[in-house]
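*Asks:* build me a model:
(one chain, ligands or ions: 3)
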Amino acid sequence: MEQAIPAAAAVQRLRILIQGQVQGVGFRPWIFRHAKQLNLSGSVCNTPAGLLVEVQGPKAENEVFVQTLRQQPPLFAKVEAVHIMEEAARPEADFVILPSSLEGEVLVTFPPDLATCEDCRQELFNPHDRRHLYPFINCTACGPRFTIIRSLPYDRSRTSMRDFALCPACAREYHDPGNRRFEAQPNACPVCGPQLQLLDAAGAALAGEPVAQAAGFLQQGAIVAVKGLGGYHLACLAADSRAVRRLRERKRRPHKALAVMFACMEEIKEHCLLSPGEERELLSPARPIVVLPRKSGCFLPTEISPDSPDIGAFLPYTPLHYLLLQKTGPLIMTSGNFSEEPMVKDEAGLAALLGTVADYALTHNRPIVRQCDDSVLKLSGGGRLFLRRARGFVPHRISLPLAGPAVLACGADVKNTFCLTQDHFAYPSQHIGDLAEEASQEFYLAQVEDFCALHGIKPEVVAHDLHPDYFSTRLARGMAAGRHLAVQHHHAHIAACMAENDVRGLVLGVALDGTGYGPDHTVWGGEILLADYRGFERLAHLQPRPMPGGEQAILHPVRMALSYLHGAGVHAVADMQAWLPALTAGQIENLLALLGKPTYSPLTSSAGRLFDAVAALLGCAGSVTYEGQAAVQLQSLAGEGTDDFYAFEILRGEKAGRISLESMFREIMTDIKQGQNASGIAARFHSTLAEAVAAACEQARAAVKVEQAVLSGGVFQNELFLRMCEKRLSQRGFAVYSHHALPPNDGCISLGQAVIALAQSGANGGEQ
Ligand code: ZN
Ligand code: ZN
Ligand code: FE
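*Replies:* Residues are numbered from 1 along each chain as shown. Ligands and ions are numbered 1, 2, ... in the order given. Here you go, the predicted model:
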């Protein structure tokens, strides 16, 4: 039946396009409910450009509708733009939800995976609910998203739920706009949805209830691969030191910290100290791993994080986690992979884990479309300090201070991410891993293609690191594009931090990290740059030291200690051995000989290597098994830090701007001789480097009149050192910026490359 058109003056029809994160967050049922409440007719539809709404009714009601939309959108929606056009009214009786339209350019963003919501958690444990104990319960406010979407727009038929036909009860919810599960794409129940299975080491399915059995095996010390949202975890009892050691051996990860999943906040509080801010992060729908100080009296074994007094803690974020943790207590939940490879996500990968690393697998038949590891962060000065940005945060986009052609920025080779841009938005990928691993290279190639397709972006410019031998560089150069652009590593660090903080103009960029290729073909990593998005000038840097044996010096920090001691005047083998008892006289002779040969001992200004040297001198690991290990140990030693610092010089004349730490090393040697404890020395070392950085910035400011200081590089994962630098620079009147949206490590390089490519493409209206 058709309704007559109401009197023309009284009725208004609006066509509203809502852009931002508007799909997969329950926005259409929200629109439906609000339109119905206001008695408006019209429609809502997902399109690649955004959510398209048409409403028709009295002008006053339309206004209320638009206002509510702007001010109180659904909880997880992010409205970035609302475009409104008035149209001619037409005969219409009802408000309807139309099927998704596939036409047009892809402009919407889609949500990250969302942790199980409180409503769903209660149903999970409610014996009268039809989904009681069903491990795949979800609704429009929670559940998998990023990891099940094959293509956009976000619709069940384009997710890995495609092959599960809804049963009548689920279909009723799915089609009822008043229901919490209205068009919840992963909606499922025990009748129609995915099912759990427990496999033994040979891959054979075991009979019986999978969760209870898996919990039993865990309690006996077994290692169980558990299928999560973005890949498999390897789980074992966190309290069982033998199981933890076995997991480390099998995974070939001897020292790097392992994350612990706790059943609930109360359980975390038994073991860790935390602030209300950290509590909020732990409970947020992203459910990241949050690095927390261990509480005294915490009985979890030190094997969890042998180099640090901290624990990476997180809470259950899938129904399966809730069911399992309820039966086991705290579990190690570490990425299911070997060393730095990507997480395993499918049957083929699981087969490689089973029997070698895992004794059992708690798995299911809902496919994971793409891997997405857990995010890891700390809170520093109230802000987020990411160590890894992935699940729960990807595919959020970042607004840029400039726009231009579509860019693919390939990132660096360690802790790789890549980044796409379109207009003034950047889309950083999830953490990919270390591209030295063949499995990571495959994952990288697949993800670049996948991300371009998902976002409908065809890159016109490809940006990459200046390092000629990076996998990402070679790949970038082989790609068809209008333009290729090489970007210096530390310039990229600084540009990334500027972009995420919307900093414009010139800055003093402090880039402290392990390794980055310099235009002079030496290894940079302790740099103070005068920079904007277009270019940079190297104003100051750490006085370079030779790395005896090149790459070998990265694996064996004791070699850097030898190099720095040599620079501070220790030349005799016997003297050197007194300082570095871990080395034999023969080893020292060889290393001293190497030191004199520039081909075998490339120069580096790396701050990472400086941390290595001091750590080794203080008796920390002479060799390391993961990137930054010596620095982690040194930070742990330094405790809460100090304001005292050692002597240092900022050289003048020919070597102007070089920061020399020779006198610091001599003072450290004196301290050691006098029996000062390592902890105090480590603390004073931290504040010396912070003081040297601040003094160098102050000197640079006198020359270039720039008041903004930007901090980036892996060294700033050390929040003690970050705080010391921030404090000293702000005391000197600088506006100080650090990373809060991306990690300060090489995970941010791709964003920096992308904005530099935009700036150098010059198509951004000259905005800087
Ligand atoms: Zn829910
Ligand atoms: Zn069902
Ligand atoms: Fe770096």
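*Asks:* A strand includes H233, no?
*Replies:* Yes. H233 forms part of a strand when assessed by DSSP: H, G, I helix; E, B strand; the rest coil.
*Asks:* what is the neighbour count of it?
*Replies:* By other CB atoms under 10 Å, 26 other residues sit near H233. For every residue, glycine as well, the C-beta is placed using N, CA and C.
*Asks:* surely it touches N337?
*Replies:* No. Using CB atoms under 8 Å, H233 makes no contact with N337, being 9.9 Å away.
*Asks:* can you list the domain ranges for this protein.
*Replies:* Listed domain ranges for the chain are 8-97, 196-376, 397-501+748-760, 514-533+538-739 (source: automatic domain parsing).
*Asks:* show me what contacts the closest residue to M161 other than its chain neighbours?
*Replies:* Leaving out its chain neighbours, the residue that sits closest to M161 by CB to CB, 6 or more residues apart in numbering is P186, at 5.1 Å. Counting by CB atoms under 8 Å, 6 or more residues apart in numbering, P186 touches 136, 138, 143-144, 148, 156, 159, 161, 366.
*Asks:* just the C-alpha atoms of stretch 460-468, please, in CSV.
*Replies:* Only the C-alpha atoms of stretch 460-468 are listed here, as CSV (Å, rounded to 0.1, in the frame of the first residue of the first chain):
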residue,chain,number,x,y,z
GLU,A,460,51.1,5.7,-7.5
VAL,A,461,54.2,6.2,-5.4
VAL,A,462,56.3,3.4,-3.7
ALA,A,463,58.5,4.5,-0.8
HIS,A,464,61.2,2.4,0.8
ASP,A,465,64.2,2.5,3.0
LEU,A,466,67.6,3.8,1.8
HIS,A,467,69.2,0.5,2.7
PRO,A,468,70.0,-1.2,-0.7
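*Asks:* can you give me how far that stretch is from the chain middle?
*Replies:* In this view, stretch 460-468 has its centroid 22 Å away from the chain centroid, taken as CA atoms, centre = their mean, to the nearest Å.
*Asks:* would you tell me whether that stretch gets close to ligand 3?
*Replies:* No. Using CB under 5 Å from the ion, we find that stretch 460-468 stays clear of ligand 3, coming within 9.5 Å at best.
*Asks:* who touches that stretch?
*Replies:* 404-413, 470, 472-473, 475-477, 479, 481-489, 492, 516-517, 519, 749, 753-754, 756-757, 761.
*Asks:* same question for stretch 127-136.
*Replies:* 123-126, 137, 169, 186, 188-190, 193-194, 196, 211, 318-320, 323, 364, 366.
*Asks:* can you give me the end-to-end span of it?
*Replies:* 16 Å (CA to CA, to the nearest Å).
*Asks:* also stretch 738-756?
*Replies:* First-to-last residue span, stretch 738-756, CA to CA: 18 Å.
*Asks:* that stretch close to ligand 3?
*Replies:* Yes. Contact of stretch 738-756 with ligand 3 (CB under 5 Å from the ion) involves D746.
*Asks:* give me the buried positions along that stretch.
*Replies:* 738-756 (16 or more other CB atoms under 10 Å).
*Asks:* which bits of this protein sit near ligand 1?
*Replies:* Residues of the chain found near ligand 1 (CB under 5 Å from the ion) are 117, 120, 139, 141-142.
*Asks:* what's the ChimeraX line that selects buried ones from these?
*Replies:* Only the buried entries of the residues of the chain next to ligand 1 go into this ChimeraX selection, using 16+ other CB under 10 Å:
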select :117,120,139,141,142
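*Asks:* coming back round to it: just name the most buried of the domains of the chain.
*Replies:* The highest mean neighbour count among these, using mean count of other CB atoms under 10 Å, belongs to domain 397-501+748-760: a mean of 22.
*Asks:* state the mean pLDDT of it.
*Replies:* What domain 397-501+748-760 shows for mean pLDDT is 95.
*Asks:* and for stretch 710-724?
*Replies:* Computed over stretch 710-724, the mean pLDDT rounds to 98.
*Asks:* gap between whichever residue of the stretch 451-600 of the chain sits closest to ligand 3 and L454?
*Replies:* Closest contact between the stretch 451-600 of the chain and ligand 3, by CB to the ion, is at D513 (3.6 Å). In this view, D513 and L454 are 30 Å apart by CB to CB, to the nearest Å.
*Asks:* same deal with L273?
*Replies:* Taking CB to CB as the measure, L273 falls 40 Å from L454.
*Asks:* for E92, same thing?
*Replies:* 34 Å.
*Asks:* related to what we said a few turns ago, so which pair among the residues of the chain next to ligand 1 is furthest apart in space?
*Replies:* C120 and A141 (7.9 Å; CB to CB).
*Asks:* which ones are touching the closest residue to ligand 2 within the stretch 651-768 of the chain?
*Replies:* Relative to ligand 2, the nearest point of the stretch 651-768 of the chain is A741 (38.5 Å; CB to the ion). Neighbouring residues of A741 by CB under 8 Å, 6+ apart: 384, 386, 389, 398, 500.
*Asks:* and those residues as a markdown table, adding distance to L283?
*Replies:* Below are those laid out as a markdown table (distance: CB to CB, whole Å):
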| residue | distance to L283 |
| --- | --- |
| R384 | 14 |
| F386 | 18 |
| R389 | 19 |
| I398 | 24 |
| E500 | 24 |
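*Asks:* okay, and which of those residues map to helices?
*Replies:* E500 (DSSP state H).
*Asks:* of the contacts of A741, list those near ligand 3.
*Replies:* When CB under 5 Å from the ion is taken as the criterion, no member of the contacts of A741 contacts ligand 3.
*Asks:* that older thread, how many other residues sit next to the residue of the stretch 451-600 of the chain closest to ligand 3?
*Replies:* Residues near D513, counting by other CB under 10 Å: 28.
*Asks:* contacts only, for it.
*Replies:* Contacts for D513 (CB under 8 Å, 6+ apart) come out as 489-490, 493, 525, 606-608, 712-715, 745-746.
*Asks:* closest to ligand 1 among those residues?
*Replies:* Distances from ligand 1 to these, taken by CB to the ion, are shortest for N745, at 33.4 Å.
*Asks:* quick check: phi and psi on the nearest residue to the closest one once chain neighbours are set aside?
*Replies:* Spatially, and ignoring its direct neighbours in sequence, N745 is nearest to G714 (4.0 Å; CB to CB, 6+ apart). Main-chain dihedrals, G714, degrees, to the nearest 10: phi -60, psi -30.
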